[in-house]
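**Q** No sequence on hand, only this structure:
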């Protein structure tokens, strides 16, 4: 047959997908007969005609493939955007650093709030804490706020950033306005309350315990696991949410003011002194935000601390944990000024802590730690 002779003439050519590998070309007539049975004669005839045509050099085929336009590859969406990475991981790192710096002053504040008779002012609180508990007394319960503030700051900054994005995309809100930033800050404060409160209860009970108190003299002070065990034994999960309503009031109002003050100050500094470094802008803006966050919300913080250190009484159980009942009791005992007791220590702590917080986050961005 004609096409068989053509196939034999072309058997030295390259492998052809119609007939198999190179070994297909090497064989006797029976081999071709088998191919003839497997492949329809019309198909073989067409391929035989094609084999008569001169083969195109491989170099030309490669050039043709290279010249053909390729569809652009769509980059795969990352699981977390760069902004989200800074909000989560940057917020956690900055929260840990700032917590260590501010822990001694926070201990002073809590002791003044919860035991006003024993710790009447900042100077006396520092003196008694140093004399009775030593330097370690200023860092009692550090692990609880350290863990909580890393989780809390990651939650706050991530929720704040994502809320602004959602408001912009879904509602067309200009996310650079102070109203949008304060609204997103309030949402962030409400969300992180669920994360913060259990850690805050343990922290406050650890900080409030001091051998300077008459009923704790000569007694071994509780450790974090002792506080957790007591709360869980007597109240279960609810024990870790003592004072949650006061915490919610404090967090929503304070973080609305917090982010509003920070963004407003940052814009003003950048516009007024355009040559100022980003670290300096973040440092000063964070300081102002720290002052703003502890203004009107401070009474809720005082009430929260009082509620969270309420001890278990075998006869009467837990005393009332109502925010407004405790606020009324403070006003009756010490007047309106009693609601701002310990505010000086709080503001003293707020400025460096929040300055370091925002400066650390800006430093991470400047160094492109997360891309």
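**A** Now that the structure is in, tell me what you want to look at. Here the structure is a predicted model, which means the values were calculated and not measured. Numbers count the residues shown, from 1 in each chain.

**Q** Which residues are in contact with residue 210?
**A** Contact analysis of residue 210 by Cβ atoms under 8 Å, 6 or more residues apart in numbering lists 111, 115, 118, 128-129, 132-133, 137, 216, 221. For glycine as for every other residue, the C-beta is placed from the backbone atoms N, C-alpha and C.

**Q** where are the low-confidence patches of the stretch 201-350 of the chain?
**A** 211, 214-218, 311-321 (pLDDT under 70).

**Q** rewinding a little: go through the contacts of residue 210 and name the one nearest residue 194.
**A** residue 111 (26.6 Å; Cβ to Cβ).

**Q** Share the number of residues neighbouring the closest one, please.
**A** Residues near residue 111, counting by other Cβ atoms under 10 Å, number 27.

**Q** Equivalent analysis for residue 272, please.
**A** As a measure of burial, residue 272 has 8 neighbours, counting by other Cβ under 10 Å.

**Q** With residue 265 as the reference, measure out to it.
**A** 10 Å (Cβ to Cβ, to the nearest Å).

**Q** chain center to whatever helix or strand residue 182 lives in: distance?
**A** Secondary structure assignment for residue 182, by DSSP states H and E: helix 178-208. Offset of helix 178-208 from its chain centre (Cα atoms, centre = their mean, to the nearest Å): 13 Å.

**Q** now do stretch 273-288
**A** The answer for stretch 273-288 is 23 Å, by Cα atoms, centre = their mean.

**Q** what does stretch 96-105 give?
**A** 18 Å.

**Q** Next: stretch 351-365.
**A** 15 Å.

**Q** circling back to that earlier point, against which helices or strands is the helix holding residue 182 packed?
**A** Judged by 3 or more Cβ pairs under 8 Å, 6 or more residues apart in numbering; DSSP states H and E, helix 178-208 is in contact with helix 91-114, helix 143-171, helix 224-235, helix 244-272, helix 298-308.

**Q** Those helices: which one's closest to residue 350?
**A** Here helix 91-114 is closest among the helices and strands packed on helix 178-208 (Cβ to Cβ), at 8.0 Å.

**Q** what's downstream of the closest one, the next helix or strand?
**A** Per DSSP H and E, the first helix or strand lying C-terminal to helix 91-114 is helix 122-128.

**Q** Okay, buried residues for that following helix please.
**A** 122, 125-126, 128 (16 or more other Cβ atoms under 10 Å).

**Q** And stretch 101-116, by the same measure?
**A** 102-116.

**Q** And for stretch 279-294?
**A** By neighbour count on 16+ other Cβ under 10 Å, the buried set for stretch 279-294 is 281-290, 292-294.

**Q** what does stretch 136-154 give?
**A** 137-142, 144-154.

**Q** returning to that earlier point: which of the buried residues of stretch 101-116 lies closest to residue 324?
**A** Of all the buried residues of stretch 101-116, residue 324 sits closest to residue 113, with 17.3 Å by Cβ to Cβ.

**Q** if we can go back for a sec, quick one, the helix holding residue 182 and helix 143-171 angle?
**A** 170 degrees (axes from the mean of the first three to the mean of the last three Cα atoms, to 10 degrees).

**Q** and the angle from helix 178-208 to helix 91-114?
**A** With the same axes, to 10 degrees applied, the angle from helix 178-208 to helix 91-114 works out at 60 degrees.

**Q** could you measure residue 193 against residue 200, distance?
**A** 9 Å.

**Q** got a list of what the closest residue to residue 300 other than its chain neighbours touches?
**A** Closest residue to residue 300 apart from its sequence neighbours, by Cβ to Cβ, 6 or more residues apart in numbering: residue 250 at 3.8 Å. With contact set as Cβ under 8 Å, 6+ apart, residue 250 has these partners: 297, 300-301, 304.

**Q** JSON lines for those, including neighbour count and distance to residue 234?
**A** Formatted as JSON lines, the contacts of residue 250 follow (neighbours: other Cβ atoms under 10 Å; distance: Cβ to Cβ, whole Å):
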{"residue": "297", "neighbour count": "22", "distance to residue 234": "29"}
{"residue": "300", "neighbour count": "23", "distance to residue 234": "25"}
{"residue": "301", "neighbour count": "26", "distance to residue 234": "25"}
{"residue": "304", "neighbour count": "28", "distance to residue 234": "20"}
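
**Q** List just the nearest of those to residue 348.
**A** Comparing these against residue 348 with Cβ to Cβ places residue 301 closest, at 14.5 Å.

**Q** Who are the contact partners of the closest one?
**A** Shown in contact with residue 301 (Cβ under 8 Å, 6+ apart): 113, 246, 250, 294, 346.

**Q** Would you tell me which one of those comes nearest to residue 238?
**A** Among these, residue 246 lies closest to residue 238 (Cβ to Cβ), at 15.0 Å.

**Q** so that closest one makes contact with residue 297?
**A** No - counting by Cβ atoms under 8 Å, residue 246 does not reach residue 297; the two are 9.9 Å apart.

**Q** ok so, going back, inside helices: which ones of the buried residues of stretch 279-294?
**A** Residues of the buried residues of stretch 279-294 located in helices (DSSP state H): 281-290, 292-293.

**Q** possible to save the residues you listed as CSV with distance to residue 361?
**A** Below are these laid out as CSV (distance: Cβ to Cβ, whole Å):
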residue, distance to residue 361
281, 12
282, 7
283, 11
284, 14
285, 11
286, 9
287, 14
288, 16
289, 12
290, 14
292, 18
293, 16
